[in-house]
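**Student:** Here is a sequence with its predicted model. Questions after.
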Amino acid sequence: MNKIKPLLTVDNLSKNYGSTQACNDISFTLYSGQVLGIVGESGSGKSTLLKAIAGFLSIEQGKINYLNRQEKWLDFQQISESHRRQLMRTEWGFVQQNPRDGLRMNITAGANIGERLMDIGVRNYGKIRQEIAYWLEQVEIDCRWMDELPTTFSGGMQQRLQIARVLVTQPRLILMDEPTGGLDVSVQARLLDLLRSLVRTLNLSVILVTHDIGVVRLLAHRLFVMKNGKIVEYGLTDQVLDDPQHPYTQQLVSATLIP
Ligand SMILES: Nc1ncnc2c1ncn2[C@@H]1O[C@H](COP(=O)(O)OP(=O)(O)OP(=O)(O)O)[C@@H](O)[C@H]1O
């Protein structure tokens, strides 16, 4: 059996907005090929943590270390901004809750996917077209939509397109902020199935922020629960959800009735 390997470690990360302590002394490990769920109520600090890990926000304190494709540990406080941006284009991806924030709405669906390939130096038009068709198919969008603007897509399709745009550069680590939020329940279910199958077939490592316990139960190997900027419980998903120890987790779990 393959031994699970750490891919990303976060140690004692804190982030304040003025006097608001949004993340307080957060530490965890993400393992390669696994999905780590971050759950908690609105305002608990989940999105701030994700953005801090992605380098979109500066942090007051903490260390973020990542094992790159060459199996070299990178200390995010030490690497340059251009190196971090390059990682975001190649090894990492970010899926926004609102697909409009992750897509360019004024260019076609195909161009949304193709420009990410061009960003990393792919120039062969035929190859780009082929990759666009492949990734549209992977996210269950018919190729005839390739030359349409995302503005003509439904919310679920836009989210699937955003996922294709992220996946085309074959990232190893994807940060997702409420990827199914704001979608109808039936569209959510279809997207969750798709995400589950992509995570398995592409062996992706994912940090997934959600307030929905059902989403982590379906997708995450491990999870932690945040409250007021702190981790109150951390462990394997089944263990935490079937036998929650912290009163706050017990409250979250009991609020989600499972038939
Ligand atoms: N740009 C900002 N400026 C000031 N305070 C902020 C900012 N963004 C978030 N906060 C505050 O930081 C705390 C954590 O917010 P954050 O958005 O990270 O929580 P969350 O768990 O992701 O919530 P939600 O599920 O609603 O997105 C909250 O008290 C919030 O009001």
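**Tutor:** That came through, no problem. This structure is a prediction, so every number in the text was calculated from the model and none was measured. Numbering: from 1, shown residues only.
**Student:** all contacts plus neighbour counts: C-alpha atoms, from now on.
**Tutor:** Fine.
**Student:** pLDDT-wise, which helix or strand of this structure ranks last?
**Tutor:** Per-element confidence for the chain was summarised using mean pLDDT, DSSP states H and E. The lowest value among helices and strands belongs to helix 185-201, with a mean of 87.
**Student:** So which bits of that one are buried?
**Tutor:** Neighbour-count burial for helix 185-201, counted by 16 or more other C-alpha atoms under 10 Å, picks out Q188, L191, L192, L195, V199.
**Student:** Check the offset of stretch 230-239 from the chain's centre.
**Tutor:** Centroid separation between stretch 230-239 and its chain, computed with C-alpha atoms, centre = their mean, to the nearest Å, is 18 Å.
**Student:** sorry, that was for stretch 24-31
**Tutor:** Centroid separation between stretch 24-31 and its chain, computed with C-alpha atoms, centre = their mean, is 15 Å.
**Student:** and if you look at stretch 191-210?
**Tutor:** Taking C-alpha atoms, centre = their mean, the mean C-alpha location of stretch 191-210 is offset from the chain mean by 9 Å.
**Student:** residues from this structure in reach of the ligand?
**Tutor:** Applying C-alpha under 6 Å from any ligand atom, we find that the chain lies next to the ligand at Y17, A22, E41, S42, G43, S44, G45, K46, S47, T48.
**Student:** pretty sure the fourth one is touching T210, no?
**Tutor:** No. Under the contact definition of C-alpha atoms under 8 Å, S42 does not touch T210, with a separation of 9.4 Å.
**Student:** Looking at those two now, which is surrounded by more residues?
**Tutor:** The neighbour comparison of S42 against T210 (other C-alpha atoms under 10 Å) goes to T210, with 24 against 13.
**Student:** was I right about the more buried one contacting V39?
**Tutor:** Yes. Between T210 and V39 there is a contact under C-alpha under 8 Å: 5.3 Å.
**Student:** what touches both of the two?
**Tutor:** Common neighbours of T210 and V39, counting by C-alpha atoms under 8 Å, 6 or more residues apart in numbering, are K46, V216.
**Student:** which residues does I207 contact?
**Tutor:** Contacts for I207 (C-alpha under 8 Å, 6+ apart) come out as L30, V35, L36, G37, I38, L50, L173, I174, L175, M176.
**Student:** pLDDT value on the residue of the stretch 101-250 of the chain found nearest the ligand, please?
**Tutor:** Ranking the residues of the stretch 101-250 of the chain by distance to the ligand (C-alpha to the nearest ligand atom) places H211 first, at 6.3 Å. Reading off the per-residue confidence, H211 sits at a pLDDT of 88.
**Student:** burial of it, as a residue count?
**Tutor:** 20.
**Student:** so what's it up against?
**Tutor:** Residues near H211 by C-alpha under 8 Å, 6+ apart: V39, G40, E41, S42, E178.
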